[in-house]
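> generate coordinates for the sequence data below:
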Amino acid sequence: MSLDVAELLSSMDELRIDRALVAPDERCVAYHNRAGNELVTTAAAQSAGRLVPYAVANPWRGDEAVEELVWARDAGARALHVDSVLQGFDLLDGLVDPLLEFAADNGWLVYVRTGTPPNALPLPLATLALRYPDVPFMMGRSGATDFWIDAAPALRHAPNLYGDTCYAPWDTVLSELGRDPEIGTSRLVFSTDAPYTVPRSELRRVLDWPIDEPARRDVLGGTIQRLLG
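Numbering: from 1, shown residues only. Coordinates of the predicted model:
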């Protein structure tokens, strides 16, 4: 397991991306939390502020999971990454609540991957987000692909929920969300979901999306900067 910081920053330079959130890989999200947190916080420390690390902790570890978030925060983590499929829980069963309370206390954004039934879906995430109205939640992958249909209802249901753009075609999914008066482009955040996508293609999709430039600037960075403070 490694993260080549120089290679990542070079790719960001090529695409004119100033800053990026980085998360541990799937093995570390599920099990090797400390190794993953060390990896991304070390990479961030070597990036002159261009990489912002997510912290991970499997909620089945109970108090140890919260202690892991304390360690990651002190090492530089700025947000929480949750994957209820890899970590094996239901979003609404209460298991993850201590981690969300930590996020609330520390002003963290919470990313939750969606799109995999039965326990990682947009609408249950919206219900969870309403339990923590002061915490911004990122609906990772916006339900891609079979559950894109639930992205708009979820965003309408929870005003502190945000969608990301990866995989979503602008002429259908993104345009529906962007035109909705209860959602709009200020509730959408650019994401590549690399290494599972081609970042250049994900960026091109947003650049080709026919929206005005202030809205595009929000999607490409303005909104996430506000959420991270």
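> please, where are all the strands along this structure?
For the chain, the strands defined by DSSP state E cover 20-22, 51-55, 79-82, 109-113, 137-140, 161-164, 188-189.
> quick one: closest of these to residue 147.
strand 137-140 (10.0 Å; Cβ to Cβ). C-beta coordinates here come from the backbone N, C-alpha and C atoms, glycine included.
> name the helices or strands packed onto that closest one?
Under the contact definition 3 or more Cβ pairs under 8 Å, 6 or more residues apart in numbering; DSSP states H and E, strand 137-140 sits against strand 109-113, helix 122-131, helix 151-157, strand 161-164.
> sheet partners, orientation included, of it?
In the sheet, strand 137-140 lines up against strand 109-113 (parallel), strand 161-164 (parallel) (DSSP bridges).
> mean pLDDT and mean neighbour count added to those, as CSV?
Listed next are these as CSV, based on pLDDT from 0 to 100; neighbours: other Cβ atoms under 10 Å:
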stretch, mean pLDDT, mean neighbour count
strand 109-113, 98, 23
strand 161-164, 97, 25
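> got CSV for those strands, with distance to residue 182 too?
Output for the strands paired with strand 137-140, formatted as CSV (distance: least, Cβ to Cβ, whole Å):
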stretch, distance to residue 182
strand 109-113, 20
strand 161-164, 11
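> looking at those, which is closest to residue 228?
Using Cβ to Cβ, the nearest of the strands paired with strand 137-140 to residue 228 is strand 109-113, at 6.1 Å.
> rewinding a little: tabulate the strands of the chain in JSON lines, adding columns for distance to residue 96.
Shown next, in JSON lines, are these (distance: least, Cβ to Cβ, whole Å):
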{"stretch": "strand 20-22", "distance to residue 96": "19"}
{"stretch": "strand 51-55", "distance to residue 96": "13"}
{"stretch": "strand 79-82", "distance to residue 96": "6"}
{"stretch": "strand 109-113", "distance to residue 96": "9"}
{"stretch": "strand 137-140", "distance to residue 96": "12"}
{"stretch": "strand 161-164", "distance to residue 96": "15"}
{"stretch": "strand 188-189", "distance to residue 96": "21"}
